[in-house]
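> coords please:
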Amino acid sequence: MSIQTGMNNTLVIIPTYNEIDNIEAIIKAVFKQSADIHILIVDDNSPDLTALKVKELQKLFVNRLFLIERAEKAGLGTAYIEGFKWSLKSGYEFIFEMDADFSHNPDDIIKLYHACSEEGADVAIGSRYVKGVNVVNWPLGRVLLSYLASKYVRLITGMNIHDTTAGFICYKRAVLESIELDTIKFIGYAFQIEMKFKAYLKKCNIVEIPVIFTDRTRGESKLSSGIISEAIFGVISMKLKSLIKK
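Numbers count the residues shown, from 1 in each chain. Sure, this is the predicted structure:
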């Protein structure tokens, strides 16, 4: 695969907690996509010393690989919010959310980028469900839970989005500037729903790009019952608040 150019002003934000098994490989795989891409790792004080490995890699990728070290594990949402604020201050135009565990294929970055840079999208979602169910290595129960959760969110919010909980996303800078990031309340997977809902309320052009989601082969999943309940009950609260503000 030839390395793409022309992806300057592009930042991929990757939150980490105990991702020592994946971090070097995912960083190198993302950088292979383009000579112009930058990466920001937001690490929540991983006991396995993920941040230390990132610091070693910064010597190889000078002025391309950046690191925010946080004092404790504080949730996916707050990690991304910190990353978004950093990206805006640093002047990036295209800002990605991406997992460290290869559940999101780095080869798909270019498709999401093109949707925003050339095809008029404000938000491009790497979607598991826009064309059937494209999930690999998940047990059937988890696939059903995720798929039905997206259906539920779509019903409650009115968003015409098939994969409302997706975490592989490209935002144009203007979208993040239009959202009051400090008002984002959720910290787990509901954060992904809330960000999409805020963009939807701003009438952003949100598109879904079909991708294949592959469950992690190394490290441990961060999904918990608390995260799921936050998503289920938080959606109703989020929708009601939006109606009250009208």
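> who touches the most centrally placed residue in the chain in this structure?
Closest to where the C-alpha atoms of the chain average out (CA atoms, centre = their mean) is E97, at 2.8 Å. Neighbouring residues of E97 by CB atoms under 8 Å, 6 or more residues apart in numbering: 13, 80, 167-169, 171, 192. Using the backbone N, CA and C atoms, a C-beta is placed for each residue, glycine as well.
> Out of these, which sit inside helices?
The members of these that map onto helices under DSSP state H are 80, 192.
> closest to S150 among the contacts of E97?
Set against S150, the nearest of the contacts of E97 by CB to CB is Q192 (10.2 Å).
> avg pLDDT for the strand or helix carrying I236?
Using DSSP states H and E, I236 sits in helix 225-245. Regarding helix 225-245, the rounded mean pLDDT is 71.
> now swap in stretch 195-207 and tell me
pLDDT averaged over stretch 195-207 gives 95.
> what's in contact with that stretch?
Contacts for stretch 195-207 (CB under 8 Å, 6+ apart): 80, 115, 119-125, 157, 159, 161, 164, 169, 171, 175, 178-179, 184, 238-239, 242.
> And it, what's buried?
Residues of stretch 195-207 classed as buried: 195-200, 204, 206-207 (neighbour count, 16 or more other CB atoms under 10 Å).
> In helices only, show me those residues.
195-200.
> the bottom helix or strand of the chain by mean pLDDT?
helix 225-245 (a mean of 71; mean pLDDT, DSSP states H and E).
> So which residues of this protein form helices?
23-31, 50-58, 76-90, 109-117, 140-157, 173-178, 190-201, 225-245.
> Tell me the helices and strands packed up against the second one.
Pointing back at helix 50-58 there. Using 3 or more CB pairs under 8 Å, 6 or more residues apart in numbering; DSSP states H and E, the elements in contact with helix 50-58 are strand 10-16, helix 23-31, strand 38-43, strand 65-69.
> switch the cut-off to 7 Å
Contacts defined by 3 or more CB pairs under 7 Å, 6 or more residues apart in numbering; DSSP states H and E place helix 50-58 against helix 23-31, strand 38-43, strand 65-69.
> Please tabulate the ones you listed in CSV, including the columns mean neighbour count, mean pLDDT and distance to K59.
Output for the helices and strands packed on helix 50-58, formatted as CSV (neighbours: other CB atoms under 10 Å; pLDDT from 0 to 100; distance: least, CB to CB, whole Å):
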stretch, mean neighbour count, mean pLDDT, distance to K59
helix 23-31, 19, 97, 12
strand 38-43, 24, 98, 14
strand 65-69, 17, 98, 9
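> So for V135, which of the ones you listed sits nearest?
Closest among those, once you apply CB to CB, is helix 23-31, at 19.1 Å.
> what's in contact with that closest one?
Contacts with helix 23-31, where a contact means CB atoms under 7 Å, 6 or more residues apart in numbering, come from 12, 14, 16, 37, 39, 50, 53-54, 57, 61, 64-65, 100, 102, 106, 109.
> ok, and the most crowded of the residues you listed?
Ranked by neighbour count (other CB atoms under 10 Å), these have V12 at the top, with 28 neighbours.
> Next, count neighbours for Y147.
For Y147, using other CB under 10 Å, the count is 17.
> One more: I179?
I179: 20 neighbours (other CB under 10 Å).
> ok now do it, which residues does it touch?
With contacts defined as CB under 7 Å, 6+ apart, I179 is in contact with 198-199.
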